[in-house]
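Undergrad: Kindly generate the corresponding structure for this input.
(chains A and B)
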Amino acid sequence: MSYLLRAVHDRIYWDRDLFPKWVGPDDLPSCIVGDLQAEGNTLSVWEILDNEANLSQVITAIASRHPGSRAYFDYALLKLDFINDVNFSLSKEDGKTPYGDANLYHRNLSNVSLQKVVYFAHLLCKNGDFRRAPWKEVKKSILDAHTKGKLDLSRVRDGLKKELGLA
Amino acid sequence: MLSFLNNSSDTQLDTPQIFAAKESIVEDVRNLLIAFSYEPFDTQGSYDLTKGFYELIAIKGKPVIRALAKLIREQQLSDNLICEALISIGRLQDDDTKSDRFELLASLLSHHVPIVRDGVVAGLSFLDDRKAIPYLRRALTFENVRTLRGNIEIAIKDLETT
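TA: Numbering: from 1, shown residues only, chains lettered A, B, ... in the order given. Now for the predicted structure:
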């Protein structure tokens, strides 16, 4: 069973133990909405193989679009079952990152209404596996991808290129 | 060490002119942060805030870090904003303010708000100074939030490869 990956700004905002007291047991704090911004009513997600063989590639791909370095890369993994069980429309569309090989794993959750965004947030919060990759590992992966000629430097933003010594 | 959260050293001996100058920098830092408080933080927002700190430090110098400490101490900022500010000051590549930034971050490792401690851990990771490792190890002995413990362990591992 594969997973869906969604990058999040900081996994700590998703920790139910740390939600403000005024957030009810069936509710979520609105600050996490920033992690679920839809573009054209579509949520961008990535499919991760059940053995996670492509996890590092996908993280590298997403991070290579960042404007600059981060201290970490946080993301959530959600079993694909949770999406298949409900009425989400999942379709393949190549990602637009500088890492061509990883772009194949990009997926769209289409026709996402606000209600579905909230539902997805609940699914993630309840069943998601929120993880953190140290930036040094991510940085090394980006540089490795570049060394292997896998990275389209013209699509890497100037700030990140400069920080990685690729400018 | 850890004098940043003690306000007695900040203003007691200041002339009115120096006091006014310091207050003006505090106001500049507050304005910078407030400008970022109306949008949810994302990667770009976080990066832009760092650029804002760069520009402010270029003009006002080291007192910017002390001004941020004052705003935190006086609880004039939201917890989320403090978290992002701490990450941003960790990200800065500026040798002149590095020891002040380190001191401020280390002094907040036992802050009572978990999200602030999270910002500290990320800020120290960014600072990329092995000097932070013993502070983080000590924080692990009292940290009781599971996610934060995980973040601290990752930060230590990351710094050990520096």
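
Undergrad: what packs against the longest helix belonging to chain B?
TA: Counting by DSSP state H, the longest helix found in chain B is helix B:16-35. In this structure, helix B:16-35 packs against helix B:8-11, helix B:43-60, helix B:63-73, with contacts taken as 3 or more CB pairs under 8 Å, 6 or more residues apart in numbering or on different chains; DSSP states H and E. From N, CA and C alone the C-beta is placed, and that goes for glycine too.

Undergrad: Give me whichever of these is most buried.
TA: helix B:63-73 (a mean of 22; mean count of other CB atoms under 10 Å in any protein chain shown).

Undergrad: and that one, what does it pack onto?
TA: helix B:16-35, helix B:43-60, helix B:79-91, helix B:95-107.

Undergrad: weakest of the ones you listed by average pLDDT?
TA: Confidence, taken as mean pLDDT, is least for helix B:16-35 of the helices and strands packed on helix B:63-73 (a mean of 84).

Undergrad: Give me the distance from that one to the chain's centre.
TA: A distance of 16 Å separates the centroid of the chain from that of helix B:16-35, by CA atoms, centre = their mean, to the nearest Å.

Undergrad: buried stuff in that helix?
TA: B:22, B:25-26, B:28-30, B:32-33 (16 or more other CB atoms under 10 Å in any protein chain shown).

Undergrad: Over to stretch B:99-119?
TA: B:100-109, B:111, B:114-119.

Undergrad: For chain B, list the residues in contact with chain A, please.
TA: B:39-44, B:46-47, B:50, B:80, B:83, B:87, B:90-91, B:114-115, B:118, B:122-123, B:125-126, B:145-148, B:150-151, B:154-155, B:157-158, B:161 (CB under 8 Å from any CB of the partner chain).

Undergrad: Secondary structure element for the residue nearest to A:Ala63 when sequence neighbours are not counted, which one?
TA: In space, and not counting its chain neighbours, A:Ala63 is closest to A:Val138: 4.8 Å by CB to CB, 6 or more residues apart in numbering or on different chains. According to DSSP states H and E, A:Val138 maps onto helix A:135-147.

Undergrad: what's the average pLDDT for that helix?
TA: On average, helix A:135-147 scores 93.

Undergrad: how about it as CSV, C-alpha atoms only?
TA: Provided in CSV are the C-alpha atoms of helix A:135-147 (Å, rounded to 0.1, in the frame of the first residue of the first chain):
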residue,chain,number,x,y,z
TRP,A,135,18.1,19.9,6.0
LYS,A,136,21.7,18.7,5.7
GLU,A,137,20.4,15.4,4.3
VAL,A,138,18.1,17.2,1.9
LYS,A,139,20.9,19.5,0.8
LYS,A,140,23.2,16.6,0.2
SER,A,141,20.4,14.9,-1.9
ILE,A,142,19.9,18.1,-4.0
LEU,A,143,23.7,18.3,-4.6
ASP,A,144,23.9,14.6,-5.5
ALA,A,145,21.0,15.0,-8.0
HIS,A,146,22.9,17.9,-9.5
THR,A,147,26.1,15.9,-9.7
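
Undergrad: Need the contact partners of it.
TA: Residues outside helix A:135-147 that contact it (CB atoms under 8 Å, 6 or more residues apart in numbering or on different chains): A:56-57, A:59-60, A:63-64, A:69-73, A:99, A:151, A:153, A:164, A:166, B:125, B:158, B:161.
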